[in-house]
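Engineer: Quick one: sequence plus predicted model below, questions after.
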Amino acid sequence: QMTSMEERPLSSTTYAIYALCQGWREGDVSTLLYLTNPGHLTRVPYFFWVLVPGEGEPILVDTGFLEDDHKSRYIGFEDYRRPRDLLSPFGLAPADVSRVILTHLHWDHFAASRLYLGAEFHLQRRELEFWRAPESDYHFLRYFITDLEDAAGLESEGRLHLLDGEAEIAPGVTVHPVGGHTPGLQIVRVRTGEGWAVLAADAAYVFRSLESMIPPGIHVHVDDCLSAFDTVKALADKPTLIFPGHDNEILRNFPEEHPGVYRLV
């Protein structure tokens, strides 16, 4: 059983963080920044992430998605890359991954879970309970999630670990529930060689959200979105160690070490 963060000794383990880009589409700016510049299009990339320690096994943050998943939603999706191809530079196949942190259950973050046959998954209990409850039974909300049978399958196999709040997943990697975008959204704090970094995932789609305190355009609770920004900023050692979930600036400003693989820190 996972002990509380207060009971854990401080860790000196550090990680390199890589964003794995599965492709992009043109999207309305107001989807990324709530009520901002509607009718103006921008490039929206789709990422999941890998944390690579100096020693030991890499940890995945989210799973990515399969080709059929984006085809069923967006006709204009470009440059799709398979999870397998994005993981291969690390000497990994999906079946080799032993640990996955799930930020939330939207399709682009969880739809490829079936590829990771040997992985243990870590998710906030509130996230799964919300999607199973009548309160989420609206088309606008359901459009963005993947098949919950995948979560049920992981549960039946004993590979889905449900968390109730902050927790240490591995030395130097902690998760922190913030809600907002989805009620059980969690962000990931990672110790790097430059200090504590935060994968904000979809707590902030773009860097501008954090600078201007504008929530993502897709959310369940706008007040939680705003308080999530405060949590993200408090957990990172400096602003340059905060990484949002769908910002085209990642593609422009960080080194692409392999096709679709961008080193963040």
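Structural biologist: The structure has been received and is ready for your questions.
Engineer: ranges for the helices of the stretch 1-150 of the chain?
Structural biologist: For the stretch 1-150 of the chain, the helices defined by DSSP state H, counting those that start in this stretch occupy 29-32, 67-71, 83-87, 107-110, 125-132, 139-142, 148-156.
Engineer: Can you point out the buried residues in the last one?
Structural biologist: Neighbour counts over helix 148-156 (16 or more other Cβ atoms under 10 Å) mark 150-151, 154 as buried. The way it works is simple: take the backbone N, C-alpha and C, and place the C-beta from them, glycine included.
Engineer: again with the third one
Structural biologist: Along helix 83-87, these residues count as buried under the neighbour rule (16+ other Cβ under 10 Å): 83, 86-87.
Engineer: Repeat that for the first one.
Structural biologist: Using 16+ other Cβ under 10 Å as the test for burial, helix 29-32 gives 29, 31-32.
Engineer: Now it: average pLDDT?
Structural biologist: Helix 29-32 shows a mean pLDDT of 97.
Engineer: The longest helix along the chain: how far from the chain's middle?
Structural biologist: Scanning the chain for the helix with the most residues, using DSSP state H, yields helix 222-235. A distance of 16 Å separates the centroid of the chain from that of helix 222-235, by Cα atoms, centre = their mean, to the nearest Å.
Engineer: and what of stretch 236-256?
Structural biologist: Counting by Cα atoms, centre = their mean, stretch 236-256 comes out at 13 Å from the chain centroid.
Engineer: picking up where we left off before, need the contact partners of the longest helix of the chain.
Structural biologist: 34, 176, 178-181, 183, 185, 187, 189, 196, 198, 200, 203-204, 209-210, 213, 215-216, 219, 239, 242 (Cβ atoms under 8 Å, 6 or more residues apart in numbering).
Engineer: try 6 Å this time
Structural biologist: 178-180, 189, 198, 200, 203, 210, 213, 215, 219, 242 (Cβ atoms under 6 Å, 6 or more residues apart in numbering).
Engineer: thinking again about what came up before, and of the buried residues of helix 29-32, the nearest to Phe144?
Structural biologist: Thr31 (11.0 Å; Cβ to Cβ).
Engineer: Just give the closest residue to the closest one, not the sequence neighbours.
Structural biologist: Spatial nearest neighbour of Thr31, chain neighbours left out: Gly217 (4.2 Å); criterion: Cβ to Cβ, 6 or more residues apart in numbering.
Engineer: three-state assignment of the one you found?
Structural biologist: Judged by DSSP: H, G, I helix; E, B strand; the rest coil, the three-state class of Gly217 is coil.
Engineer: quick one: the strands in the chain?
Structural biologist: Along the chain, the segments classed as strands by DSSP state E run 15-28, 41-53, 59-61, 99-101, 120-124, 160-163, 167-170, 173-177, 186-192, 195-201, 242-244, 256-258, 261-263.
Engineer: could I get those as CSV with mean neighbour count and distance to Tyr138?
Structural biologist: CSV is the format used below for the strands of the chain (neighbours: other Cβ atoms under 10 Å; distance: least, Cβ to Cβ, whole Å):
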stretch, mean neighbour count, distance to Tyr138
strand 15-28, 20, 20
strand 41-53, 21, 23
strand 59-61, 25, 28
strand 99-101, 24, 27
strand 120-124, 22, 21
strand 160-163, 18, 24
strand 167-170, 20, 30
strand 173-177, 22, 22
strand 186-192, 24, 23
strand 195-201, 24, 22
strand 242-244, 24, 26
strand 256-258, 13, 39
strand 261-263, 19, 35
